[in-house]
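>>> please work out how this folds:
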Amino acid sequence: MLYLTREEIDRWLKEDVPYIDLTSWTLGIREQQGSITYFTREEAVVCGTEEVRQIFDHLHIETDHIIPSGQQVKQGEVLITGRGRAEDLHMAWKVGQNILDHCSGIATKTRKMVDDAKSCNPKVAVLTTRKGFPGTKSLTTKSVMVGGALPHRLGISETILIFKQHMNMIGGFDVLLKKLPDLKGECCEKKIIVEAGSLEQAISLCQAGVDGIQFDKLKSEELKNAVKYLRAEFPHVVALAAGGINEANVRDYAETGVDGIVTTSLFSAKPLDIGVKIEPLQIHL
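Below you'll find the model as predicted:
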């Protein structure tokens, strides 16, 4: 389950309920006891039910049934249900639905992309970039991991990945080659990955001691030849493919033999179609 603070849950709810639930107030149903049921209208990999349960707990809604994130579900299957006051149920309604819609959509798309890639190259990793929508990192990270991928970088504090933009600031590619031995000494416990736009650049970087090459926007056939050369000459170097890779061409890039495929496309997954029912509790005498 994703670690969430009470402040995060409060912020999600506050966006949708800035003051009161005016509709429940005016209808006079605030204290009425009811049930809420989230179900899927399509086959999917479910994600986000644990976070919805945390919202339920926050609003004093009792969870009756839950399917854990990561499970494959069929059309019509119930994902999570709860019981509580009508006002609380309506406050949870859209926040929970939005989480399940978007997280399950990403998880489902991720699972398909991972399966497609591994059908061609069982050892390849599917990795996501930092190009997600701001404020959604925790949920999107869980979603891609539930689908079988991993974040390429959770942030710029954790890894060393040198882009052309960095090289521009230090004087260019040749200056970087000269600096690499010192960088490796200063960051001896960190791997250094550098973006390359050609095999020639990659060879120079490998000779200078980098731990990995991220090939940017190379065509799959060109990349395949580059990976073959690196495997023979620099077998310890990690080879990554990035730039415009999506579900339409992931198989082509997986077949190049790279260790990892870096993609942004998973963040733009179509939301899952999640249905919600809110009903009064039946009192049995």
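>>> give the contact list for K118.
V124, A254 (C-beta atoms under 8 Å, 6 or more residues apart in numbering). Heads up, the C-betas are built off the backbone N, CA and C, glycines and all.
>>> pull the number of nearby residues for C103.
Residues within reach of C103, counting by other C-beta atoms under 10 Å, total 30.
>>> same check, this time on R85
Neighbours of R85 under the rule other C-beta under 10 Å: 18.
>>> so it touches I36, yeah?
No. In this structure, R85 is not within contact of I36 by C-beta atoms under 8 Å, at 10.9 Å.
>>> and this protein, what are its domain boundaries?
6-111+270-280, 120-268 (automatic domain parsing).
>>> what ranges do the helices span in this structure?
Counting by DSSP state H, the chain has helices at residues 6-16, 22-27, 49-58, 86-120, 137-146, 164-170, 173-186, 199-207, 220-233, 250-254.
>>> what are the buried residues along the fourth one?
Residues 86-93, 95-114, 117-118 are the ones in helix 86-120 that count as buried (16 or more other C-beta atoms under 10 Å).
>>> could you do the third one as well?
Within helix 49-58, the residues that qualify as buried by neighbour count (16+ other C-beta under 10 Å) are T49, E50, E51, V52, R53, Q54, I55, F56, H58.
>>> now the helices of the chain in JSON lines, with distance to A269 and mean pLDDT?
Output for the helices of the chain, formatted as JSON lines (distance: least, C-beta to C-beta, whole Å; pLDDT from 0 to 100):
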{"stretch": "helix 6-16", "distance to A269": "20", "mean pLDDT": "94"}
{"stretch": "helix 22-27", "distance to A269": "31", "mean pLDDT": "94"}
{"stretch": "helix 49-58", "distance to A269": "17", "mean pLDDT": "97"}
{"stretch": "helix 86-120", "distance to A269": "4", "mean pLDDT": "98"}
{"stretch": "helix 137-146", "distance to A269": "8", "mean pLDDT": "96"}
{"stretch": "helix 164-170", "distance to A269": "28", "mean pLDDT": "97"}
{"stretch": "helix 173-186", "distance to A269": "36", "mean pLDDT": "95"}
{"stretch": "helix 199-207", "distance to A269": "31", "mean pLDDT": "97"}
{"stretch": "helix 220-233", "distance to A269": "23", "mean pLDDT": "96"}
{"stretch": "helix 250-254", "distance to A269": "14", "mean pLDDT": "98"}
